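*Asks:* my questions concern the predicted model and sequence given below.
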Amino acid sequence: MTDPRPSLRVLSLYPRGYRARHGAEILEMYRAATADASPAARRRERLDIAAHAVRVRTRTGADRPAGRFLVAVAPYALAAAAAISAAGPTVAVSRALHGGPGPGLPGTALCTAVLVAGVPALLGSWPAARGTAALCLVALVAGVPGSAWLLPLLALVAAMPPAVAPAGRDGRLAGAFAVMTWLPSLCSALSGGHVGFGLVQQIGPTMLLLALRAAAPDVRPRHLLAILVAGAPWAASPTGSPAGALVVAVALGLAWTGGRLSRGGTPAVG
């Protein structure tokens, strides 16, 4: 038995024009999908419709520029969140071994969950990665301790449009980015805090990824902007700014120019 009344309410989330053009079709699809369905299944269907309505209203669908940017930035944002999540416990464990306070359980659990979100992403299962990122985001909002940078990074992953996946090249580069931005923390922890990498640690991975991605044949401005967004936690750090921000800006220009020259033409825009 169908339950059309809640579907009528959720349709109000759509912009008026879109609702006038497609409301009847969406309602018919809802009724077909929930015929003889359980109440839980009907709730899930309404949540899907609500999520689609929000994407339409905010113009973040996969067919919109903002949606395409979210697809491009998701792997790099998740990689940055994973690197930050791995760095915290790494340093905390090192301090504990040297007689300092150990890592807290709630924060460690959150960091572990963020790292877990990276596993399905590496395997190409982005719905699972988005769902886990959304749960971590809820935990942060609820007060679980974690880096402030995790909020915007995980929000970018959770807001990624469904039914699409980032390019495989971006997934591979994002994995390399996560490792490169975590390794300095590991080296520092192993040395008891006596080894530091300064500006190289802050902006080196971002510069390298800009150069590699700009040289790819399918590069778009949104791909380079995605890397810059993911690198913001390091470029904006006290040791990386403002000098780091300037170097990253120069690196972006050089990477874009180098990529254009390596392809022998003008890069596509979109």
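*Replies:* Nice, thanks for sending it over.
*Asks:* which residue packs closest to Gly171, ignoring adjacent ones?
*Replies:* Leaving aside its sequence neighbours, Gly171 sits nearest to Pro75 (C-beta to C-beta, 6 or more residues apart in numbering; 5.1 Å). All C-beta spots, glycine's among them, are computed from the backbone N, C-alpha and C.
*Asks:* surely that neighbour meets Gly168?
*Replies:* No - between Pro75 and Gly168 there is no contact under C-beta atoms under 8 Å: 9.7 Å.
*Asks:* the more surrounded of these two?
*Replies:* Comparing Pro75 with Gly168 by other C-beta atoms under 10 Å, the one with more neighbours is Pro75, at 31 against 10.
*Asks:* tell me the secondary structure at the more buried one.
*Replies:* Under DSSP: H, G, I helix; E, B strand; the rest coil, Pro75 falls in the helix class.
*Asks:* renumber starting at 59 from here on
*Replies:* Sounds good: first residue 59 from here, last item Pro133.
*Asks:* tell me who's in contact with it.
*Replies:* The contact partners of Pro133, by C-beta atoms under 8 Å, 6 or more residues apart in numbering, come to Ala179, Pro224, Asp228, Gly229, Leu231, Ala232.
*Asks:* what do you get if the cut-off is 7 Å, keeping everything else the same?
*Replies:* Ala179, Pro224, Asp228, Gly229, Ala232 (C-beta atoms under 7 Å, 6 or more residues apart in numbering).
*Asks:* okay, the residues you listed in TSV with distance to Ala171 and secondary structure next?
*Replies:* Shown next, in TSV, are those (distance: C-beta to C-beta, whole Å; DSSP: H, G, I helix; E, B strand; the rest coil):
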residue	distance to Ala171	secondary structure
Ala179	13	helix
Pro224	21	coil
Asp228	22	helix
Gly229	20	helix
Ala232	18	helix
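*Asks:* tell me which stretches of the stretch 59-208 of the chain form helices.
*Replies:* Here the stretch 59-208 of the chain has its helices, by DSSP state H, counting those that start in this stretch, at 62-69, 74-91, 97-116, 123-155, 163-180, 184-199, 208-216.
*Asks:* mean pLDDT lowest where, among the ones you listed?
*Replies:* Mean pLDDT per stretch puts helix 62-69 lowest among the helices of the stretch 59-208 of the chain, at a mean of 63.
*Asks:* which of the helices of the stretch 59-208 of the chain sits closest to Met265?
*Replies:* Among the helices of the stretch 59-208 of the chain, the nearest to Met265 by C-beta to C-beta is helix 123-155 (13.9 Å).
*Asks:* give me the buried stretch members for the closest one, please.
*Replies:* 125-150, 152-153 (16 or more other C-beta atoms under 10 Å).
*Asks:* and what of stretch 232-249?
*Replies:* In stretch 232-249, counting by 16+ other C-beta under 10 Å, buried: Ala232, Gly233, Phe235, Ala236, Met238, Thr239, Trp240, Leu241, Pro242, Ser243, Ser246, Ala247.
*Asks:* what's the burial count for Gly182?
*Replies:* If you count neighbours by other C-beta under 10 Å, Gly182 ends up with 12.
*Asks:* pLDDT wise, what is the nearest residue to it once chain neighbours are set aside at?
*Replies:* Counting by C-beta to C-beta, 6+ apart, Gly182 lies nearest to Ala223, which is 6.3 Å off, once chain neighbours are set aside. Listed pLDDT for Ala223 reads 90.
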